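Chemist: let's see this in three dimensions:
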Amino acid sequence: MDAATPWAESAAFADYLRAHIEGMKLPVSVRAFDGGQSNPTFQLTDASGRQWVLRKKPRGELLPSAHAVDREYRVMKALAGTPVPVPRMVGYCDDASVIGTPFYVMEFVAGRILWDPALPEFDAGERAALYDDINRVIAALHSVDAVQVGLADYGRPGQFFERQIARWTRQYRASETEPIAAMDRLIDWLPRHVPARSTSSIFHGDLRLDNFIVHPSEPRVLAVLDWELSTLGDPLGDLAHHALAWRLTSTEFRGMAEKVPLPAGVPSEQDFLLRYTERTGRPVALRDYEFSVAYAMFRLAAILQGIVKRAADGTATSARALETGLKARGIADAAWRSVREHFADAG
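Modeler: Have a look, this model is predicted:
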């Protein structure tokens, strides 16, 4: 039995699978997926070779509202049948006695997980096609009617940025291990410059390239993963998080800002934003967009600082957690540089 998955061969787990997953043939093998810093994720393969994915909360003391696998399950189940591609949900279990924490099971979607937004494995035409399909998916997500899919109560109405800044400030302070001057400046500046916007949509929360499953041989998206941070919120904040690929370098955090010019076929950030506004029919004020980018960097730095804390506490799910988390300082510095560049009153 793998020490990392002591529950994998337990009677309680077998009983759950037998009762809730139709057609599964026991015994089941369990393999942890590499990568990711948050909710532990495992591939389940039954005796016939069929595959599923199990995603669970990590063990140990966790930050408030973090690792919300119940919300991941709910939003993906609600999005089934919409233009937003998601895996099929199989079942959610809130009984921690089964494997030690709540978890859910979903279908396994065979495809590629890409990490480099410059897409070195693609030619120019494939890069252009994939970025356009990602743009389509993001625009589709932000166009879904939350009420019609049963998510009217999935987030609080109004004051999205105010609440999110306060939340991530609390999360950052709870996981702070050493002072980061840029974070202190952002914590002061951001609440005083929130745009006067009232737009709300389903908000994914982590629209990085590696959260899109790409078709095994075609440049198109098969599924969007990792909905842990999803809520109802300002879609511009969601889009800005995806745009960090253009703003950060590959050493800062999986970006491509150092690639000048961009690889052939990769759209500019401005062109990506323009295509998004054409698809959604919602124009974007540049000042609002730049605020959203600064907020997205601030939030990413807070998330990474949480990884540092979990690594120190021994609850991080990846062996590379500390290395990844320590990028928080550089991202906070990049956020403050962006604020100073685009806002004259930043000081």
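Chemist: report the buried residues of stretch 159-177.
Modeler: By neighbour count on 16 or more other CB atoms under 10 Å, the buried set for stretch 159-177 is 160-161, 164-165, 168-169, 171-172, 175-176. For the C-beta atoms, the positions are set from N, CA and C on the backbone; glycine is no exception.
Chemist: among these, which are in helices?
Modeler: Among these, the members found in helices (DSSP state H) are 160-161, 164-165, 168-169, 171-172, 175.
Chemist: and the furthest pair within the residues you listed?
Modeler: Phe160 and Ser175 (22.3 Å; CB to CB).
Chemist: tabulate the buried residues of stretch 159-177 (CSV), appending distance to Tyr295.
Modeler: Output for the buried residues of stretch 159-177, formatted as CSV (distance: CB to CB, whole Å):
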residue, distance to Tyr295
Phe160, 10
Phe161, 6
Gln164, 7
Ile165, 7
Trp168, 9
Thr169, 11
Gln171, 14
Tyr172, 13
Ser175, 18
Glu176, 19
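Chemist: pipe those into CSV and attach pLDDT and distance to Ile307 per row.
Modeler: CSV is the format used below for the buried residues of stretch 159-177 (pLDDT from 0 to 100; distance: CB to CB, whole Å):
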residue, pLDDT, distance to Ile307
Phe160, 96, 24
Phe161, 97, 23
Gln164, 96, 19
Ile165, 97, 20
Trp168, 95, 14
Thr169, 97, 17
Gln171, 93, 11
Tyr172, 95, 12
Ser175, 92, 8
Glu176, 92, 13
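Chemist: of those, closest to Gly330?
Modeler: Using CB to CB, those come closest to Gly330 at Tyr172, 15.2 Å.
Chemist: check whether the closest one really touches Gln305, as I assumed.
Modeler: Yes: with contact defined as CB atoms under 8 Å, Tyr172 reaches Gln305; the gap is 5.5 Å.
Chemist: name the residues contacting each of these two.
Modeler: Met183 (CB atoms under 8 Å, 6 or more residues apart in numbering).
Chemist: adding distance to Leu236, write the ones in helices among the buried residues of stretch 159-177 out as JSON lines.
Modeler: Below are these laid out as JSON lines (distance: CB to CB, whole Å):
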{"residue": "Phe160", "distance to Leu236": "10"}
{"residue": "Phe161", "distance to Leu236": "9"}
{"residue": "Gln164", "distance to Leu236": "12"}
{"residue": "Ile165", "distance to Leu236": "14"}
{"residue": "Trp168", "distance to Leu236": "16"}
{"residue": "Thr169", "distance to Leu236": "20"}
{"residue": "Gln171", "distance to Leu236": "21"}
{"residue": "Tyr172", "distance to Leu236": "22"}
{"residue": "Ser175", "distance to Leu236": "26"}
